[in-house]
Structures are given as C-alpha cells and as structure tokens.
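>>> Could you work out the structure for the sequence below:
(2 chains)
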Protein chains: 2
Amino acid sequence: MTDAHSGAAAQLDAVLAALEGGRAAALERLFELLRIPSVSTEAAHQADCARAADWLAGALGELGFEARAVPSPAHQAGGHPMVLAHDPNPPANALRVLFYGHYDVQPVDPIALWDHPPFEPKVETGADRVARIRARGAADDKGQVMTFLEALRAWKTVSGGFPVNVTVLLEGEEEAGGLSMEPFLEAHRDALKADIALICDTGLWNAETPSIAVSLRGLLGEEVIVRAADRDLHSGHFGSAARNPIQLLASILADLRAPDGSVTLPGFYDGVPETPASVRKSWDALGFSADAFLGDVGLSVPAGEADRSPLEQLWARPTAEINGIWGGYTGDGFKTVIPAEASAKLSFRLVGEQDPDAIRAAFRAHVTERLPADCTAEFKGHGASKGVTVDVERPEMKAAAAALAAEWGVAPALVGMGGSIPVVGQFKRQLGLESLLVGFGLEEDRIHSPNETYRLSSFEKGARSWARILAALAE
Amino acid sequence: MTDAHSGAAAQLDAVLAALEGGRAAALERLFELLRIPSVSTEAAHQADCARAADWLAGALGELGFEARAVPSPAHQAGGHPMVLAHDPNPPANALRVLFYGHYDVQPVDPIALWDHPPFEPKVETGADRVARIRARGAADDKGQVMTFLEALRAWKTVSGGFPVNVTVLLEGEEEAGGLSMEPFLEAHRDALKADIALICDTGLWNAETPSIAVSLRGLLGEEVIVRAADRDLHSGHFGSAARNPIQLLASILADLRAPDGSVTLPGFYDGVPETPASVRKSWDALGFSADAFLGDVGLSVPAGEADRSPLEQLWARPTAEINGIWGGYTGDGFKTVIPAEASAKLSFRLVGEQDPDAIRAAFRAHVTERLPADCTAEFKGHGASKGVTVDVERPEMKAAAAALAAEWGVAPALVGMGGSIPVVGQFKRQLGLESLLVGFGLEEDRIHSPNETYRLSSFEKGARSWARILAALAE
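Okay, the predicted model is just below:
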C-alpha cells in the first residue's frame, strides 16, 4: 500500500458495521437538523437558516473537517450561508470529490393539511409496515445530506479518515432560487477544485432499485402581473366595458398550450433533441407504467404532448407549467370587483440546447402581444438554467454503479430527471465538473407538500450506499 | 277639498321655504347619524348598528310615525334591526308609498387612506368651490335616507302631516348581503302594503341633472373549484404528464368570452331584449363619453361586446366577469408546484328575462364539459336575481319626473343601471311593487372607498326633490 486510501475495500465491512451499530445516534442527529425550521424563502426564518448552517458546520467539524458557514453573496438580500468544509488531512493522491446538498426546506403552507407539526420529526410505521421519518425536509434535502455525513462519520470512526479527498458544500438557498450559487462558485473556484461532484438530491427508481441520473431538465421561472384599470372597479358599474385583467390573463395562459398539449411559444422546441433509440429502449425496459404513475396521485388522463409517452415527457421533453395564479377577491363570500391587476407564476422545464434567455423572451412576447393597448404587463424573472446530460462512461460513474449494485442487489437504473437541479449545470459550466447524482427519495415522499416523509430504509441504506461509493471511488 | 292630501301643491312653496329655513338643523341631524359607525359586516359594530336603528326610529317618531326597530330574521347570526314606521293618521284615500333606504355603511378599511376620521362628519369646500359632506355613509346611504326624512319633516311642519300615506323601511344589512330582506318581507307583507316603493340609493346623471333608473341588472354569483391530482405535485416530477388545474381553469375561463367580447355560454342571450330605438335615442342624447368614462380609470379600449356601445353594455347588456382567481403558490419567490386545485369567483349581470337558474346551469355545464375524465369541479352558488325593468309609463313615474324637472330645471335622465339593487326585485316579486328609483349621488362620491363624500347640494336639493315628489304623487 503506497497511500492512505489503498485498502478502502478491506475496511468497508467494518464501516458498514459501524453504520449498523450507530443507527439510533444517526437518527437523533438527523432529527436535530430537522427541528430547525430553515425555510429559505421566508424572512421570518432567516435566523433559523443561519442556525442550520452553523449546526452543519459544527457536525462537519466533529468529523475533522475545517468547516465554516460562509455568508452568501445574497446575504444583504436575505440570502443564507453556504457551508463549506475541507479535509485538512486528505489521503495522498486521492480522487477529489465535491459533495453538494442543501439544508434549506420548502415552506410548510398550507399548515392545516399537515397531520403533525412539520418541524417535530418522528418515525412512524404506516399501515404498509414501512417505517418513515416524517418532517419537512426529511427527504428534501436534509435526510439525503445526512446519508452522506453519516457515511463519512462511519469512515472516520473506522479508519480515522476518508478514502477520498472530500470537500463539502451545503447550500441554504436551493428552494429560494439558488441565486447565490453562481457568484459563490466564481469566488471560491480554487477551494472547490475536484475531480467529480457527488450530489444527493434525487431519488431511487423504486423502493428496491437505486438510480443514477443521466439527464436533468433545466428550469426557467417567470412571474407576470397584468394590469388594466388604475384601481379596483365595481363590476356593476364597469363590467363589460372595462377590461378584466383576470379574464385577460386567463386567455393569455390558455394560449400557452395547443390542444395537443404542446407549448405554443414560437421557437420553444428549438434545441430539443430527439431521445436516441437506445435510450428510449433502456427506458422501455424499466417497465414504467403511466397508468400507475398517474394513478398514484389520483389521475388517469396524460396531460402533456399527445404524441409522447409520459416517461419521455418527464425525462426528455420541455414543458410550461403555471405554478400559481391570483387576482381579485379570494376571501369568503363575494365581492363584485373587477381588480386592477392579476398575476401568475410560471416555470419552464428545459432540455438539450434550449436557450433559457430565448424562451424567457418568447414568453414575454407572448404576453405582450396579447395585451390591449390600455393594459400593461410587468415581469419578474426568476432563475434560469439549461438542461444537463451526464457522461455515463466515466470511470467514477461505473464505480458508483457497481457500489450501488452491491448494496441493493440490483444494478441502478440510469434515469432521466423531470426536475431541475441547477447546480449540476453550474458545476459543469463554472467548475468543469461532472456530477454523480445518487439519491434515495421516492415519489411517495411528498416533498414540497404537506406531510413530507423519507423512508427510514432510504436514510439507512443511503448511508451504506455512500459508504460503498466512497470505497469504490478510492480504488 | 275633500281630504287631507288635496291642495298639496298649494302648500309646496311653504314646504320648500321650511327646508330653506331649516338647513343648519337638517345638517346637524345628518351629522348625528353619520357619527354612529354602523358597519354591518363587522361584529365589533353590532351595537352601533342597533344604535343607528334606534336613532332613526326616534327621528321617525318625532315626525309622528309609529316607528320601531324590529330584530332582523338574521339577528342570531349577527344581523341588524329593520326600522319600520307607519303613519297612524294618513290622509284619507291617499296613495300608499313605501320608502326604502339603508342605514348600514361599508367598512372603512384601509383606514390609512382616509384624510380625516370617517365617523367625524364635516363639510369641506374643495378647490372646485363645491361644498361636500365628508364621512363614511355620507352618500351611501345615510345622506340619501335623510333627504327623504327632511322632506317629511318640512311637510309635517307646514301641514301637520304628509301628502301621501307613507311607510318607511330602513335596512341595516344592505352592505352585508341583505339576507334578511326576503324573510322580513314575507313576514311583514301586510304591514308593507303600498302602491309604489320609493328608493333613494342611486345617483344623479350629473351634478346638474337628476335621474330615474328604468332598468337594473340582476346578479348571479358562482364559485368554482377545479381539482386534478389528489395532492400538490412537484412540477419537475409531474409537469406535462399530470394535469395542471390552473392551466385547465385558465382555458375554461378564457373560453367564456368570444373574441368579439360576447359571452359564449349556450343560451346566455336568451331573454335579452333589444334596447328600443327610442330609449337608445334618449341615451344618445345624454352625451355619454366612453372615452371619458374609461379614461377616468386609466383605460382606453372598450372591452365588452364589440358591437355595443359602452353605455349599452353597462345598462342593457348582460356580462360575465371573473371577480377573483387563486391557485398554487402565490407568496414571495417561487415554488415549483402543480397544485391539486384552482378556484375562481364569477358574477353574471343579467338583464330582461334572462333566467338566473338557466345561466347557472349553463356555466356549470361549460366547466364540466371541459374537464378531462380525471378532473372534477365543485360549485358554490352565490345569490341570484333577475334584471328589473321599471314601467316608466306609470303615472307615479311621470309625476316624479315632472317634480324633478321642476326642481332641477331639466328633465330627469331615464337611465339604466349597471349595478344591482336586489331589493327592487324583491319588492316586485314578493310584494308586487314597482320602485321609483331616485337618488342624488355622483361618481365622485367614492362610496365603498376611503374619503366618501356627498355634495351639500345633493343633500339639500335631494330633500327639496322629495318634497316636490310627495306633492306630485298626491295629485
């Protein structure tokens, strides 16, 4: 053995045994983190986000890292710290990995729909005899982050260090648009040098099958406010004759989709690649059931492009979705008002070479062209990221796939991802880093919804998976 | 002279002189009423509403009425008394009139936008040298109610009684939905017998020209909740494939209007009468400027049926308006959610013989027919009232028109009303009563808004107008 990381494979059994012996303590650590209501989009939780960052920096310090909570570039505008940790004594000549996760969580509204307080975590075994951790952030992303930290802890306990050279970066603005990431990467380019990024913010293929994500859709956010009269009007005195901005906005948004489910913006499909036959074939082999997928959430009629399968729609096709709409009187009872304005929030999922800036411009033109001369629209741009494709031929990907197969007894599914993880594109573009995307969430987890859960097995086998991947990457 | 009301015309000059001599005292009486914050929709003002009712019953008692504040049918649910007053010594064989007004007022929110305390009335002469009474309720409807009571007082002073047989009904729930009116009318049918109703809750045509309202639109309210998935979904994981209920609702609502501005519901225009050429001509003579009407609220492009003038749209055409819409994430920042449901509130203004029930059914069918098989809609019906047309050929209408012409020096405009006064339909349907709608408000009055005003001339010439109308009705 010429250096510290040799022989990692020989120590793996002891590491897995350490994880087994430390299950209760690991869960208690996760609960501590889940109790911190680090909702990044709400100013009232500014201090909680800082507290979560400090807690993580402390936990990483315990593992031997030089760790600190760095004020984010968006600090003045209500941003939250980045947690940055380096191993001061890495194994010599070891592969450098940059682990990424996020400690901020989604808002809990509507709170009335929760069965229990969202920041009082507990484990509950359901009628299906599956034990689940219940709390906001259990799956997205605190539970996933802690799978990696627990794997590190077990390695530290058994061997006094880690098999590879680990840097950890934990974000506090992921659910808030992640606006700080780009300037932060720019400012810390040297400190973040690595051979590959490890990201734990994705899901299993199913409860028994791991996955590695090989493509992700990009995300573009837009908010539009359509304004008509200069004040709220009485619908009896002005109805018909005065423009109703809700009616106008409804028409504009209705026009976004053609009857066949496609998006109508001119040029929207420019740069969208056809899914290669080989990939399509591997997807077919997954046995994905559109009926079951929709049935799980109470639906039965696929809603997107009529000539694309739901799996292709989710993994390889772009979309436009309205995420929120509001205007006029929305309280109890009735008010015969024609409001002065109406608003909507939209997001576009992007694939291949679709250009977020061009699509933003096309959307704004779509709205503006439909405005009567006496109405106006105000736009607020939210984040924009291109789609990403991962190089599955890299040796790290193959090593990780083998490690996952050893843990789960079945090879990981190489999946597309309907969601967007903008940091993957930023790592690639700004740091030249490929990302290995491994995670342990499930559709059932209700992330972003009331009653979020994370299977206890996801948490525990997740930590074991990372312990194995770290060993495999050291070989 | 065979009975008391003969010779009313001969006494009119003395009555008008009494009003002239009593101006200061009349204003002080109105101020007393305006100082009572009788906001009917706020539980905190329950006792204030009762106080206003008692004050009015007392004022009517002073005029010789048998007057009382009757607990409203909605009393248990926070309702407010009806003030009911009869003349125990009416002139023999006299025309029976039922005067209606309301003593409750709109809430004052947002209070910060008021220039002065809303329940501390004062007269202020503006830069335009027009004296205005400033207070919540000055125009809607306390000032208007008091024009009639002051006319009665002058008649009482001069002749010891009234030229016609007067019953007074003052409501305390008009701004709160008026839910007590229907059961109250049913319960007091005999006490409310009359030949015609007099209602003072409308406006002048302009500051120099009185009006009589000859048509009012009816009002139908609907609320719809469109539901898709059984939970909120992540737009990355489900976007495209899963139905977005906001997109669906937007399409459904967009389809409500044709490109020419007309309402698309099948049968919607059944029972809509064409405006007679003579009426259209009288409207043309009013010199209504669509440009000025829209320009006053910052608009310039008429939005309703392209082949109808804005005045015809407002007075004689039905409409469908969306009064509120909401769904998904509407807070700060961004949330990539596909919500489980989206909602809207709509109101339909009805004219002629349009049947509210048929239109409610047509709207619900419009929605239901556009739902994919896996989506549902829930409907909540709000109030429904037909449009009302006043018979302008009745002798009382002609007498009132002549009286108004004598006071103002110009014939009253026979106007349509875009708004709805449900009590007019209730009087017609339940009591078989036609209504003479005369009022002295102006668009400038800011009723329902901060800084409500009522021209001092509206108050004083309003009382003179009613004094003349009472004389004319006695002939």
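
>>> Up against chain B, what does the stretch 1-150 of chain A have?
Residues of the stretch 1-150 of chain A found near chain B (C-beta under 8 Å from any C-beta of the partner chain) are A:41-42, A:106-107, A:109. The way it works is simple: take the backbone N, C-alpha and C, and place the C-beta from them, glycine included.

>>> Repeat the analysis, applying 7 Å as the threshold.
With C-beta under 7 Å from any C-beta of the partner chain as the criterion, the stretch 1-150 of chain A meets chain B at residues A:41, A:106.

>>> Which single residue of the stretch 1-150 of chain A approaches chain B most closely?
Per C-beta to the nearest C-beta, residue A:41 is where the stretch 1-150 of chain A lies closest to chain B, at 4.3 Å.

>>> That residue against residue A:107, yeah?
Yes - assessed by C-beta atoms under 7 Å, residue A:41 is found in contact with residue A:107 at 6.0 Å.

>>> on that earlier part again, can you pull the contacts of the residue of the stretch 1-150 of chain A closest to chain B?
With contacts defined as C-beta atoms under 7 Å, 6 or more residues apart in numbering or on different chains, residue A:41 is in contact with A:107, A:175-176, B:332-333.

>>> okay, it: pLDDT?
Residue A:41 carries a pLDDT value of 91.

>>> ok so, going back, give the ChimeraX command for selecting the buried subset of the contacts of residue A:41.
The following ChimeraX line selects those of the contacts of residue A:41 that are buried, judged by 16 or more other C-beta atoms under 10 Å in any protein chain shown:
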select /A:107,175,176 /B:333
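
>>> Would you mind giving the contacts of residue A:41 as TSV with pLDDT, secondary structure and distance to residue A:167 added?
Output for those, formatted as TSV (pLDDT from 0 to 100; DSSP: H, G, I helix; E, B strand; the rest coil; distance: C-beta to C-beta, whole Å):
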residue	pLDDT	secondary structure	distance to residue A:167
A:107	95	coil	30
A:175	91	helix	23
A:176	88	helix	23
B:332	86	coil	32
B:333	82	coil	29
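
>>> Looking at the contacts of residue A:41, spot the one nearest residue A:221.
Closest approach between those and residue A:221, by C-beta to C-beta: residue B:333, at 9.1 Å.

>>> Not counting sequence-adjacent ones, nearest residue to the closest one?
In space, and not counting its chain neighbours, residue B:333 is closest to residue A:41: 4.3 Å by C-beta to C-beta, 6 or more residues apart in numbering or on different chains.

>>> Regarding the closest residue to residue A:455 other than its chain neighbours, which helix or strand does it belong to?
Distances taken as C-beta to C-beta, 6+ apart put residue A:132 closest to residue A:455, at 5.5 Å, once the chain neighbours are dropped. Per DSSP states H and E: residue A:132 is located in strand A:131-134.

>>> same deal with residue A:68?
Residue A:68 is part of strand A:66-70, with elements assigned from DSSP H and E.

>>> what does that strand contact?
Strand A:66-70 has contacts (C-beta under 7 Å, 6+ apart) with A:53-54, A:57, A:60-61, A:81-86, A:88.

>>> Direction included, what does the very next helix or strand once past that strand pair up with?
Sequence-wise, the next helix or strand downstream of strand A:66-70 (DSSP H and E) is strand A:82-86. Using DSSP bridges, strand A:82-86 pairs in its sheet with strand A:66-70 (antiparallel), strand A:165-171 (antiparallel).

>>> And the closest residue to chain B within the stretch 301-450 of chain A, how far from residue B:373?
Distances between the stretch 301-450 of chain A and chain B by C-beta to the nearest C-beta are smallest at residue A:419, namely 2.7 Å. Separation of residue A:419 from residue B:373 (C-beta to C-beta, to the nearest Å): 27 Å.

>>> Would you mind telling me which of the two has more residues around it?
residue A:419 (21 against 8; other C-beta atoms under 10 Å in any protein chain shown).

>>> Identify the residue nearest the more buried one in space, chain neighbours excluded?
Spatially, and ignoring its direct neighbours in sequence, residue A:419 is nearest to residue B:236 (2.7 Å; C-beta to C-beta, 6+ apart).

>>> Please name the residues that touch the one you found.
Residue B:236 neighbours (C-beta under 7 Å, 6+ apart): A:217, A:349, A:418-420, B:336.

>>> is it fair to say it lies in a helix?
Yes - counting by DSSP: H, G, I helix; E, B strand; the rest coil, residue B:236 is located in a helix.

>>> picking that back up, export the contacts of residue B:236 as TSV, with columns for secondary structure, pLDDT and distance to residue A:294.
Shown next, in TSV, are the contacts of residue B:236 (DSSP: H, G, I helix; E, B strand; the rest coil; pLDDT from 0 to 100; distance: C-beta to C-beta, whole Å):
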residue	secondary structure	pLDDT	distance to residue A:294
A:217	coil	89	19
A:349	strand	92	18
A:418	coil	78	13
A:419	coil	76	17
A:420	coil	74	21
B:336	coil	86	19
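
>>> Pick out whichever of those sits closest to residue B:447.
Using C-beta to C-beta, residue B:336 comes nearest to residue B:447 of the contacts of residue B:236, at 43.0 Å.

>>> Make sure that closest one is actually in contact with residue B:233.
No - using C-beta under 7 Å as the test, residue B:336 is too far from residue B:233 to be in contact (9.6 Å).

>>> Okay, now the unreliable bits of the stretch 351-475 of chain A?
Nowhere does the stretch 351-475 of chain A drop to pLDDT under 70.

>>> Likewise for the stretch 201-350 of chain A?
Residue ranges of the stretch 201-350 of chain A with pLDDT under 70: A:278.

>>> what about the helices in it?
Here the stretch 201-350 of chain A has its helices, by DSSP state H, counting those that start in this stretch, at A:235-238, A:245-254, A:277-284, A:290-295, A:310-316.

>>> now do the stretch 351-475 of chain A
A:356-369, A:395-408, A:422-426, A:456-474.

>>> Repeat that for the stretch 1-150 of chain A.
Remark: helices assigned in the stretch 1-150 of chain A by DSSP H, counting those that start in this stretch are A:8-21, A:23-34, A:46-62, A:142-159.

>>> hey, which of the ones you listed is tucked in deepest?
Of all the helices of the stretch 1-150 of chain A, helix A:142-159 carries the top mean neighbour count, a mean of 25, counting by mean count of other C-beta atoms under 10 Å in any protein chain shown.

>>> List the contacts of that helix.
The contact list for helix A:142-159 (C-beta under 7 Å, 6+ apart) reads A:11, A:14-15, A:18-19, A:22, A:26, A:29-30, A:33-34, A:59, A:63-64, A:99, A:101, A:103, A:133, A:162-163, A:166, A:170, A:200-201, A:439-441, A:454, A:459, A:462-463, A:466-467, A:470.

>>> picking up where we left off before, who touches the residue of the stretch 301-450 of chain A closest to chain B in this structure?
Contacts of residue A:419 (C-beta under 7 Å, 6+ apart): A:217, B:234, B:236-237.

>>> Residue A:335 against residue B:323, yeah?
Yes - shown here, residue A:335 and residue B:323 form a contact pair, counting by C-beta under 7 Å, at 6.3 Å.

>>> Quick check: neighbours shared by these two?
Contact criterion C-beta under 7 Å, 6+ apart; residues shared by residue A:335 and residue B:323: residue A:329.

>>> neighbour-wise, which of those two wins?
A direct count of neighbours by other C-beta under 10 Å for residue A:335 and residue B:323 places residue B:323 higher, at 26 against 19.

>>> and the gap between the more buried one and residue A:328?
Using C-beta to C-beta, we find residue B:323 at a distance of 5 Å from residue A:328.

>>> shared neighbours, those two?
With C-beta under 7 Å, 6+ apart as the test, residue B:323 and residue A:328 both reach residue A:337.
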